[in-house]
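Novice: Sequence and predicted model, in that order:
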Amino acid sequence: MLPHKFPHPYPLPRVVLLLFLLVPAAIGAVPGYLTGKWRWAQPPEVKALDRLRQLRKTGVAIAGWKTLSQEPALIGNHEWLQQEIERLQPEGSPGSRPQKAIVLLLTQNDRADQPQVEWTDINGWQQWQTDSDRWAKFAAGQTAAEVEARFFRGWTNQQTYAVLQWYAVPNGGHPAPSRWFWADRWAQLSDRRVPWVAVSVLIPVEPLGDIEKSRQLAESLGQSVQAAVIAGIL
């Protein structure tokens, strides 16, 4: 009788990935274990914290757009900055209805702050329905860091939006909190931190309109917002 072979409880690639993620955690924990001080129990300071707090008050200057108004917005348990903007029209262009948008910013306010439920908070605040969920990608900043943003349609009885959402960090951005978490853990091994800003961009479109028609505008605006945010915290 052939010996029974037990199946692998997890596919091998997942095991390798898990080990890859756990090794830095173990390495970072060793010095703390030997000294009795856990590195992640008291993470290093965020050097950009003062600039992050200032950004929440002043907003950002977005290339190609002018700010019409900005005010604090209580969303969930956090105070966001709501910035209404309007696209600048080239001189001599024929008159047309100016394109407007809303930029919502939530900056890290403490070294212990972590991105968590920001998108859920916005859904509850807007009380909208969402669909057409997909990805938008663009590069921004002097290093042309890549941002992957969530791109979807959100609508109420009064308004439909094409929406971009991501966590902006110095080397790019992504809407998943886990991306920031592991990047920050790696940084802490060198006594550094990864500052973050939650960004939600709302572009009004026609009622239940196809957001693909707004993709080029959304990615261009997202690129400008990312560049402005990173310039404000570096």
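Specialist: Received it, and whenever you're ready, just let me know what you need.

Novice: Let me see the ranges of the helices in the protein.
Specialist: Along the chain, counting by DSSP state H, helices occupy 12-35, 49-58, 118-126, 177-188, 215-233.

Novice: List the buried residues in the second one.
Specialist: Burial within helix 49-58, assessed by neighbour count using 16 or more other CB atoms under 10 Å, is assigned to Leu49, Leu52, Leu55, Arg56. (C-beta placed from N, C-alpha, C; glycine too.)

Novice: do the third one as well
Specialist: When burial is assessed from 16+ other CB under 10 Å, helix 118-126 yields the following buried residues: Glu118, Trp119, Asp121, Ile122, Asn123, Gln126.

Novice: between these, which is nearest Phe181?
Specialist: Distance to Phe181 across those (CB to CB) is lowest for Glu118, with 13.8 Å.

Novice: what about the closest one, distance to Asn77?
Specialist: Distance, Glu118 to Asn77, by CB to CB, to the nearest Å: 11 Å.

Novice: Check Glu71 too.
Specialist: Distance from Glu71 to Asn77, by CB to CB: 18 Å.

Novice: More neighbours: the two, which one.
Specialist: Comparing Glu71 with Asn77 by other CB atoms under 10 Å, the one with more neighbours is Glu71, at 10 against 7.

Novice: Contacts only, for the more buried one.
Specialist: Leu81, Gln82 (CB atoms under 8 Å, 6 or more residues apart in numbering).

Novice: do the same with Asn77
Specialist: Contacts were defined as CB under 8 Å, 6+ apart; by that measure Asn77 touches Asp121.

Novice: so Pro98 touches Gln89, yeah?
Specialist: Yes: between Pro98 and Gln89 there is a contact at 6.4 Å, judged by CB atoms under 8 Å.

Novice: Kindly state the domain boundaries assigned to the chain.
Specialist: Using automatic domain parsing, the domain parsing of the chain gives 9-42, 43-89+99-233.

Novice: Highest mean neighbour count out of those domains?
Specialist: Mean neighbour count (mean count of other CB atoms under 10 Å) peaks for domain 43-89+99-233 among the domains of the chain, with a mean of 18.

Novice: Beta-bridge partners for the nearest residue to Ala149 once chain neighbours are set aside, please?
Specialist: Using CB to CB, 6 or more residues apart in numbering and skipping the chain neighbours, the partner closest in space to Ala149 is Trp166 (4.1 Å). Beta-bridge partners recorded for Trp166 (DSSP bridges): Val199.

Novice: Leaving out the residues flanking it, which one is nearest to Gln116?
Specialist: In space, and not counting its chain neighbours, Gln116 is closest to Pro177: 6.0 Å by CB to CB, 6+ apart.

Novice: from memory the one you found sits against Trp119, does it?
Specialist: No: with contacts counted by CB under 8 Å, Pro177 stays clear of Trp119, the gap being 9.4 Å.

Novice: Worst mean pLDDT among the domains of the chain?
Specialist: Sorting those by mean pLDDT places domain 9-42 lowest, at a mean of 50.

Novice: Quick check: the gap between the residue nearest the centre of the chain and Trp186.
Specialist: The chain has Tyr167 as the residue nearest its centroid, 1.3 Å off, counting by CA atoms, centre = their mean. Per CB to CB, Tyr167 is found 16 Å from Trp186.

Novice: Appreciated, that's everything.
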